[in-house]
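Engineer: What would the 3D arrangement of this be:
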Amino acid sequence: MWITSLQLSNIKSYGANGQTIPFRAGVNLIQGENGAGKSTILEAIGLALFDKKPYNLGSFVREGTRTGRIEVGFHSALDEREYMVVRMVGGSSQTYIYDPEIKQKVCEGREDTQAFI
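Structural biologist: Predicted structure coming up:
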């Protein structure tokens, strides 16, 4: 598996517009000023893919909002297709894998998502 993209909406310093961060195969560089959101990128990937919680999830949501969304696009080594892990944070915390080719969820819940990955 390799990560192809990350989209963050209302996660820490990332606003509601859902900024998309593309990744290429191989090594990717994440750079920026202090407080720009570099650590948030790694924390969001860890939470969405591995359910790794760096701290209280309530503080992961952008200040002044109630919910946030993390979308991690990845290329599966099993069938060489593109999928997306979607993780909602705050309010109704949902996790599922979406298949953009057939435009539907292929599994839901943390356990099923972990097993799929």
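Engineer: For the helix or strand hosting I3, buried residues please.
Structural biologist: Counting by DSSP states H and E, the element that carries I3 is strand 2-9. For strand 2-9, the neighbour count (16 or more other C-beta atoms under 10 Å) marks I3, T4, L6, Q7, L8, S9 as buried. C-beta coordinates here come from the backbone N, C-alpha and C atoms, glycine included.
Engineer: and the helix or strand that that strand is followed by, which strands flank it?
Structural biologist: Beyond strand 2-9 on the C-terminal side, the first helix or strand identified by DSSP H and E is strand 19-22. Its sheet considered, strand 19-22 pairs with strand 2-9 (antiparallel) by DSSP bridges.
Engineer: quick check, distance from the strand it pairs with to the centre of its chain.
Structural biologist: 6 Å (C-alpha atoms, centre = their mean, to the nearest Å).
Engineer: Show me the helices in this structure, by range?
Structural biologist: Taking DSSP state H to define them, one finds helices in the chain at 38-50, 110-116.
Engineer: rewinding a little: tell me the angle of the strand holding I3 relative to helix 38-50?
Structural biologist: Calculated by axes from the mean of the first three to the mean of the last three C-alpha atoms, to 10 degrees, strand 2-9 forms an angle of 110 degrees with helix 38-50.
Engineer: Need the contact partners of strand 2-9.
Structural biologist: 14-23, 25, 37, 40-41, 44-45, 68-75, 82 (C-beta atoms under 8 Å, 6 or more residues apart in numbering).
Engineer: check contacts around T67.
Structural biologist: N10, V61, M88, V89, G90, G91, S92.
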